[in-house]
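Student: Here is my input, please return the structure:
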Amino acid sequence: MCNRFALTTPVDAMRQLFDIRPGLDRLGNAEPLRAIYPKNPSPVVRLTDGGEREMLNMNWGFLLPQVSKKTGKPIQPKAVNNARDDKVRTSRFWRASFEQRRCLVPASSFCEAKGRNPATYFWFAVGPEGAPEPFAFAGLWRGHGEGEWSEILSSTIVTTTPNDLVRPVHPSRMPVILRPEDYEQWLGGTPDEAAKLMRPYEAGGMHILGFGVEMKSEPGAA
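Tutor: Prediction:
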């Protein structure tokens, strides 16, 4: 589920939307990102140690160590890009990040594939048809403390059961989309308070932005 999303919102607009003061915007001159894939960087909003919001890039996908089946030696880690809502409180892979390191993952649309050979790619947006709005996924983040990957910060997107709009395309999962009034609760609330936000977004508040068989980039989201 959700192996591609887009972020075309200008940085100035994101500062306002996510209440980021200029000194805590680490993005620089960020360009629009029309197709973000796992292992690639994208903006994330998290709390600093002082409780302020900062915006910076993180690689999409928690790194899962792997070893070669042939040699038994470490190889490039796998990027785990999504975390299930029913696993984040019980799995050792996710639990500490859910309890201590929640974040917002800004987006303007996300993609789901239906079928195979060829698949049809559907792009979903938030807001009324013809006027898509920027939004944020519920995310988690972590650092990696060993070897050549020790300086990497990574994020993952929390998923839940799909709503009536997404279900015909992807019948099992969709990303958790947060409303602006819930950002503070997700970032700074207790685990119990944050868990209440892991639910499907209302289907009536979303629309299909576009679809196609060979679509490789986001088709003009806001």
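
Student: use CA for all of it now, contacts and neighbours both
Tutor: Fine.

Student: Please identify the helix or strand for the spatially most central residue of the chain.
Tutor: Using CA atoms, centre = their mean, the residue of the chain that lies closest to the mean C-alpha position is residue 157, 3.8 Å off. Assigned by DSSP states H and E, residue 157 belongs to strand 153-160.

Student: Just the mean pLDDT for that strand, thanks.
Tutor: Throughout strand 153-160, pLDDT has a mean value of 97.

Student: Could you list everything residue 133 pairs with in the sheet?
Tutor: Per DSSP bridges, the residues bridged to residue 133 are residue 126.

Student: Tell me the pLDDT of it.
Tutor: Model confidence at residue 133, given as pLDDT, is 97.

Student: any idea how far it lies from residue 119?
Tutor: Distance, residue 133 to residue 119, by CA to CA, to the nearest Å: 26 Å.

Student: So for the two, which residue has more residues nearby?
Tutor: Shown here are residue 133 and residue 119; by other CA atoms under 10 Å, residue 133 has more neighbours (17 against 13).

Student: doesn't residue 23 fall inside a strand?
Tutor: No: going by DSSP: H, G, I helix; E, B strand; the rest coil, the assignment for residue 23 is helix, not a strand.

Student: give me the number of residues near it?
Tutor: Residue 23 has 8 neighbouring residues, counting by other CA under 10 Å.

Student: likewise the one 5 residues further on?
Tutor: A count of neighbours around residue 28, defined by other CA under 10 Å, yields 8.

Student: And for residue 127?
Tutor: 15.

Student: ok, it touching residue 133?
Tutor: Yes: the criterion here is CA atoms under 8 Å, and residue 127 meets it with residue 133 at 5.4 Å.

Student: chain center to stretch 81-88, what's the gap?
Tutor: Centroid displacement of stretch 81-88 relative to its chain, using CA atoms, centre = their mean, to the nearest Å, is 12 Å.

Student: tell me the contacts of the residue nearest to the centre of the chain?
Tutor: Counting by CA atoms under 8 Å, 6 or more residues apart in numbering, residue 157 touches 81-83, 105, 137-140, 175-176.

Student: what about 10 Å?
Tutor: Contact partners of residue 157, counting by CA atoms under 10 Å, 6 or more residues apart in numbering, are 2, 60-62, 80-85, 102-105, 136-141, 174-177.

Student: That one and residue 204: what is the separation?
Tutor: Distance check for residue 157 against residue 204: by CA to CA, it reads 22 Å.

Student: Mutual contacts of residue 127 and residue 133, please.
Tutor: With CA under 10 Å, 6+ apart, residue 127 and residue 133 have common neighbours residue 206.

Student: so where is the chain shaky, pLDDT-wise?
Tutor: Scanning the chain for pLDDT under 70 picks out 1-2, 145-151, 214-222.
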